[in-house]
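Novice: Mind folding the following:
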Amino acid sequence: MKTNQFFFAALIAAFLSGASFSAAQVTMGGSVEPTKGAILDLNSTTKGGLLLSNVELTALNDIPTSFPNASAISNPQLLAGMIVWNTNDYLAPNGDGLYLWDGNKWNYTGGSDGLAILLPVPLPAVTISAPSCLSADFAVTFSQYNLGADTTKFNSGAYAALSPAKRQIRYLADCTHADAVNVWGDLYQWGRVADGHEKRTSENFPTNDNSTQNGAISDVDDNGQPSAASGAVGKFIKHNSDPRDWRTPKKDDLLGNGQLVNYDFGSADGGAVPDGLGGFYQKPVKTVNDPCPFGWRIPTQDEWERLGNYDCKPNTTGGNITTIPLTGQTTTTRGTGNELTWISVEDGKVSTNWSGSDWRWGGQALYKASDWTAATTEVSGYFYNVNWSSTDKKLYDAAAPEPLLFLPAAGFRLNGSGSFSSYGLYGYYWCSTVTGNNSVFMQFYNNAYFGTSLYRAYGCSVRCVAE
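Specialist: I've put the predicted structure just below:
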């Protein structure tokens, strides 16, 4: 990062008379030679610490007006590397503490709960070469777990030797409903930070019951999140009348620019559609409201579509996600070697009866089509290896083909009542893309996988992708 010119200029000016210089190194508070490798060496016979400026930050994406010449700062990126101690207890989602300016926003690096180093959070992940309607860059890196999953529950014992996807498949097959939440993770309202509302134990707002209510709030902070005064921080906000958003008025850019950009696919997409046939996509943008950890963000609609069965035909919200093919078939793709196959999983096995209470803790597993085909192909009437599509074979066995991803059927939280629905049956996963008054989400149920729009007051799962 660039050295902050204001911070060090002030220090150098204050101690200039007691500083000794050698090869652009500076010792402050003493006359000894600076420690080798250090640009600034605070070395005093009077021992103490470096007291950072105490600043009241009012928004994570703004330079405070109290800063010197704040109105004249035309390029905030020049201040990248600035560190302050924020005194604002109510700054969502972390309150007071140590913050670092990265050129675009303030990043919380620690407080009374300890110091956090601002490096990309190392989540178990997989990079999938999947088709894109937008460019020849097919790679997208998905986290292996839902945001909020308690991975400590299935990273040891019998699960430790398995891949992340198989760990979740086996854990759900072994566990009860009470434990399944460790794989399911949290349920977020679209555009809200992780302030506690996403927890399955969070209170409802405006009243903590399951009655149908309209509690959308207009009292928000500078980032568009519920303000401390609203009383809704950390609570699931119910809203059951159009547009069924948790806030009013709606704000489309909470999870990115919300902009659908026209793109002429042409021949750049490998010839999937005729030259000149256009479409739309959303440019990925990480915002201060994105609940994914540092280095990660909520996927766009296009990134989810890369994993589905779609044809790159133009419409107003991107390529068309249709359905998951029947078990054992492959998705339509734009290029040899990128084929993917979705398999419905129930109790650790291939699901054959995904309906009602008969379908229990499972979800959808994504395989490379070649891996799945090799594990299930019959040759001359015989299976020379175990047929893993058989309903009595466990997909989490060490010898079973390796899934690229596993998406648990984590259910969702209803916008009007705040009650939970369809856990073990449905998967609802947010995209950052908006459409009209709603936002796009990826869902699966009954052997179907597709994207459509959903009220923003719903609570849905989040699966992060790498920035």
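
Novice: How are the strands of the stretch 251-400 of the chain distributed by residue range?
Specialist: 260-264, 278-282, 296-297, 340-346, 349-350, 362-368 (DSSP state E, counting those that start in this stretch).

Novice: Quick check: residue 54 vs residue 97, distance?
Specialist: With distances taken as C-beta to C-beta, to the nearest Å, residue 54 is found 11 Å from residue 97. No exception for glycine: its C-beta is placed from N, CA and C like everyone else's.

Novice: And for residue 192?
Specialist: Applying C-beta to C-beta, the value for residue 192 to residue 97 is 21 Å.

Novice: Neighbour count for these two, which is higher?
Specialist: residue 192 (27 against 21; other C-beta atoms under 10 Å).

Novice: mind checking pLDDT for that one?
Specialist: As predicted, residue 192 sits at a pLDDT of 96.

Novice: Residue ranges of each domain in the chain, please.
Specialist: 5-115, 121-257+285-467 (automatic domain parsing).

Novice: if we can go back for a sec, now list whatever residues contact both of residue 54 and residue 97.
Specialist: residue 85 (C-beta atoms under 8 Å, 6 or more residues apart in numbering).

Novice: For the stretch 151-300 of the chain, give me the ranges with low pLDDT.
Specialist: 257-283 (pLDDT under 70).

Novice: the helices in it, which residues?
Specialist: 164-174, 177-184 (DSSP state H, counting those that start in this stretch).

Novice: Residue 465: which of those is closest?
Specialist: Nearest of these to residue 465, taken as C-beta to C-beta: helix 164-174 at 15.2 Å.

Novice: circling back to that earlier point, pick the most deeply packed of the domains of the chain.
Specialist: Ranked by mean neighbour count, those are led by domain 121-257+285-467 with a mean of 19 (mean count of other C-beta atoms under 10 Å).

Novice: measure it end to end?
Specialist: 11 Å (C-alpha to C-alpha, to the nearest Å).

Novice: Same question for stretch 432-442.
Specialist: One end of stretch 432-442 to the other measures 11 Å (C-alpha to C-alpha).

Novice: Let's verify residue 444: helix, strand, or coil?
Specialist: strand (DSSP: H, G, I helix; E, B strand; the rest coil).

Novice: wait, it sits on residue 426?
Specialist: Yes. Residue 444 is in contact with residue 426 according to C-beta atoms under 8 Å; the separation is 7.2 Å.

Novice: Find residues that contact each of those two.
Specialist: Shared contacts of residue 444 and residue 426, defined by C-beta under 8 Å, 6+ apart, are found at residue 409.

Novice: Low-confidence stretches in the stretch 351-467 of the chain?
Specialist: In the stretch 351-467 of the chain, residues with pLDDT under 70: 353-360, 378-385, 446-451.

Novice: Quick one: the helices in it, in order.
Specialist: 369-376.

Novice: quick revisit: distance to residue 297 added to the helices of the stretch 151-300 of the chain, as JSON lines?
Specialist: Shown next, in JSON lines, are the helices of the stretch 151-300 of the chain (distance: least, C-beta to C-beta, whole Å):
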{"stretch": "helix 164-174", "distance to residue 297": "20"}
{"stretch": "helix 177-184", "distance to residue 297": "21"}
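
Novice: Could you give the bridge partners of residue 429?
Specialist: Here residue 429 sits in beta bridges with residue 442, residue 461, as judged by DSSP bridges.

Novice: show me what contacts the residue lying closest to residue 164 once chain neighbours are set aside?
Specialist: Distances taken as C-beta to C-beta, 6 or more residues apart in numbering place residue 144 nearest to residue 164, at 3.7 Å, with adjacent residues excluded. Contacts were defined as C-beta under 8 Å, 6+ apart; by that measure residue 144 touches 123-126, 164-165, 405-406.

Novice: now, which of those sits nearest residue 252?
Specialist: Closest approach to residue 252 among the contacts of residue 144 (C-beta to C-beta): residue 123, at 27.4 Å.

Novice: And the closest one, its phi and psi?
Specialist: Phi and psi for residue 123, reported as degrees, to the nearest 10, are phi -90, psi 140.

Novice: Surely it touches residue 292?
Specialist: No. Using C-beta under 8 Å as the test, residue 123 is too far from residue 292 to be in contact (9.0 Å).

Novice: Now the common contact residues for those two.
Specialist: What both residue 123 and residue 292 touch, as defined by C-beta under 8 Å, 6+ apart, is the set residue 464.

Novice: Where does residue 141 fall, secondary structure wise?
Specialist: Using DSSP states H and E, residue 141 falls within strand 139-143.

Novice: can you state the direction angle for that strand and strand 362-368?
Specialist: Counting by axes from the mean of the first three to the mean of the last three C-alpha atoms, to 10 degrees, strand 139-143 lies at 150 degrees to strand 362-368.

Novice: Begin at 440 from now on, thanks
Specialist: Sure thing, new numbering starts at 440, so read that last one as strand 578-582.

Novice: For strand 578-582, give me every contacting residue.
Specialist: Residues outside strand 578-582 that contact it (C-beta under 8 Å, 6+ apart): 562-569, 571, 735, 738, 742, 745, 844, 902-905.

Novice: let's go with 10 Å and repeat that
Specialist: The contact list for strand 578-582, computed with C-beta atoms under 10 Å, 6 or more residues apart in numbering, reads 560, 562-569, 571, 588, 603, 723, 731-732, 735, 738-739, 741-743, 745-746, 805, 843-844, 846, 901-906.

Novice: element containing residue 567, please.
Specialist: According to DSSP H and E, residue 567 maps onto strand 564-568.

Novice: Need the CA coordinates for that strand. PDB is fine.
Specialist: C-alpha atoms of strand 564-568 as PDB (Å, rounded to 0.1, in the frame of the first residue of the first chain):
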ATOM      1  CA  ALA A 564     -12.700 -23.200  -2.400                       C
ATOM      2  CA  VAL A 565     -12.800 -24.700  -5.900                       C
ATOM      3  CA  THR A 566     -12.200 -23.000  -9.200                       C
ATOM      4  CA  ILE A 567     -14.500 -24.300 -11.800                       C
ATOM      5  CA  SER A 568     -14.000 -24.000 -15.600                       C
END
